[in-house]
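Undergrad: test case, fold it:
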Amino acid sequence: MDILLTHAYYLYEDPAERQIMKPYPPLGLMYLTSHLRSVGFDVELVDATFSSREEHLQRIRDCGAPVVGIYVNLMTRRNALQVIAAAKATGARVVLGGPEPANYAEEYIERGADVIVDGEGELTLTELLAVLAHDGSEALSRVPGIIYRDDAGSVTHTVPRGQIKPLDNRPWPARESIDMARYLDVWKTHHGASSVSLITARGCPYKCRWCSHSVYGFSYRHRSPADVADELEHIRDTYNPDQVWYADDVFTMNKRWLQEYARLLKQRGLFFPFETISREDRLDEPTIRTLAEMGCYRLWVGAESGSQRVLDAMERRTDARRTREVMEMLKDYGIRTGTFIMLGYLGETWQDINETAAHLEESLPDDVLTTLAYPIKGTPYYEDVKDKLVSLKDWEDGSDRDVVVLGRGSRRFYGHAQRWIQSRVQLARHFSNGHLDPGAIAKTFVRTAQYRAAMYLTRREVEDGRPDA
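TA: Sure, this is the predicted structure:
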């Protein structure tokens, strides 16, 4: 074996996901696996999703791989540090990749990582493995796109690596290397329909100030419609899922691409219900009609806020009013609407929160996910607030979510705000569905008033860095 690839996410230790139970396999690691195998490396992929922590760590201790590559995101930092320690105990070299490590290169290297891949992994890892096997550490400086500690003890960044083009010569993800049946069974058991994920493109060219672009930069590179259709046909013939998830950042980025892809699917008789993500400015009626004809049953629209002032501060480049119109069009074509809302962005006021609630009352999306803005290192938003940040946990035990922004509204205030918004939306639904239930309306009205009062009482509270605030 030349390398073992793994991650550090354990489904059954994630209370939120255990409530949802919609796991998907690690596409990035599966792409790495198929690529490295295609150029002659012996690769083992260990998917930890359904493992216990101890089972996974023991697998790492027993593997005997000379190199262990670990995918890390901001939610798996603590787990990843334990995997690093287990791999180092066997004498393996440890290589990290994913969106998190490059932002905290020194911290990860101090805790055992030998090399961090900065950006896309396939070409960098191909070159890096050859160097580690034959040339030794002194040759690392010649490998573009990595971070490591040099002989003088300094953490060194090599020159950036160019992005992979075209994508059609990439082998498809090595789904055969993991227990795909387990994912399909979990979906079928909990939701009555099995699901498989795939991507049609890499990256997002938009520059929202809070969004991390640490892997793909601000690129957008799409595969050919024919290559994606070929993969979907292979997925049908191999796994026969009930539906698919297009995991692109913005699925409808290129409208001509979408039309050609839809034509190919129809020509080949490939029809799968699916859900995906897009933006207001990449949706119009012809595009929505095409999505509906293709089988889109739910589209997630990243609204983020109902306040145009906040959207402009985020450099979101979307229109709050038109977002509501787009969601209405989606409903007209029978597509379920989902949306993301972010509260607490820099400069947000009481009025902005009220505008967001009104936005949701008017658009009435079927599914609403709300979050409190958190600064991801490496983003412009992080730079905007870094002097106001206080960590609630030691670095090893926390993540970029475990911080407070001094001077922002308190966590109590935003907790009430989230519940108030959800309650207002629920109240609006009561009046929109045509089947009025006076009892349910009264209960929701009372809850809405209670959350509004709680918001008012805590409106002047600000974060002061205390964990119990």
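
Undergrad: count of residues packed around H234?
TA: 13 (other Cβ atoms under 10 Å). No exception for glycine: its C-beta is placed from N, CA and C like everyone else's.

Undergrad: got phi/psi on the nearest residue to it once chain neighbours are set aside?
TA: Leaving aside its chain neighbours, H234 sits nearest to W172 (6.9 Å; criterion: Cβ to Cβ, 6 or more residues apart in numbering). Its backbone dihedrals place W172 at phi -70, psi 160, with angles given as degrees, to the nearest 10.

Undergrad: swap in R170?
TA: phi -80, psi 130.

Undergrad: can you pull out the helices in the stretch 101-250 of the chain?
TA: Applying DSSP state H, counting those that start in this stretch to the stretch 101-250 of the chain gives helices spanning 105-110, 122-130, 180-191, 225-239.

Undergrad: doesn't E275 make contact with C296?
TA: Yes: C296 is in contact with E275 according to Cβ atoms under 8 Å; the separation is 6.9 Å.

Undergrad: out of those two, which sits in the busier spot?
TA: Neighbour count, other Cβ under 10 Å: between C296 and E275, C296 has more, with 23 against 19.

Undergrad: partner residues bridging that one?
TA: Beta bridges link C296 to F274, judged by DSSP bridges.

Undergrad: residues contacting it?
TA: By Cβ atoms under 8 Å, 6 or more residues apart in numbering, the residues touching C296 are 273-276, 335.

Undergrad: out of the residues you listed, which comes closest to D284?
TA: When these are compared for distance to D284 (Cβ to Cβ), I335 wins out at 13.7 Å.

Undergrad: can you redo the contacts of C296 as JSON lines with pLDDT?
TA: Output for the contacts of C296, formatted as JSON lines (pLDDT from 0 to 100):
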{"residue": "P273", "pLDDT": "98"}
{"residue": "F274", "pLDDT": "98"}
{"residue": "E275", "pLDDT": "98"}
{"residue": "T276", "pLDDT": "98"}
{"residue": "I335", "pLDDT": "98"}
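
Undergrad: closest to L364 among those residues?
TA: I335 (13.8 Å).

Undergrad: so where is the chain shaky, pLDDT-wise?
TA: Counting by pLDDT under 70, the ranges of the chain that qualify are 136, 467-469.

Undergrad: tell me where the stretch 1-150 of the chain has strands.
TA: 3-7, 43-46, 67-71, 93-97, 115-117, 146-149 (DSSP state E, counting those that start in this stretch).

Undergrad: run through who's touching the shortest one.
TA: If I follow you right, that is strand 115-117. Here strand 115-117 has contacts from 93-97, 101-102, 105, 108-109, 124-125, 128, 132, 140, 145-148, using Cβ under 8 Å, 6+ apart.

Undergrad: let's see that with 6 Å instead.
TA: 95-97, 101-102, 105, 124, 146-148 (Cβ atoms under 6 Å, 6 or more residues apart in numbering).

Undergrad: tell me the one of those residues nearest H234?
TA: Nearest member of these to H234, counting by Cβ to Cβ, is G97, at 25.6 Å.

Undergrad: among the helices of the stretch 101-250 of the chain, which comes closest to R408?
TA: Among the helices of the stretch 101-250 of the chain, helix 105-110 comes nearest to R408, with 25.0 Å by Cβ to Cβ.

Undergrad: and the closest one, what does it pack onto?
TA: Applying 3 or more Cβ pairs under 6 Å, 6 or more residues apart in numbering; DSSP states H and E, we find helix 105-110 packed against strand 155-157.

Undergrad: what lies in contact with the strand it packs on?
TA: Applying Cβ under 6 Å, 6+ apart, the contact partners of strand 155-157 are 105-106, 109, 147, 149-150.

Undergrad: please indicate which of the residues you listed are buried?
TA: Buried subset of the contacts of strand 155-157 (neighbour count, 16 or more other Cβ atoms under 10 Å): 105, 109, 147, 149.

Undergrad: now render the residues you listed as a markdown table, adding distance to R401.
TA: Shown next, in a markdown table, are the buried ones among the contacts of strand 155-157 (distance: Cβ to Cβ, whole Å):
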| residue | distance to R401 |
| --- | --- |
| A105 | 20 |
| I109 | 23 |
| I147 | 23 |
| R149 | 28 |
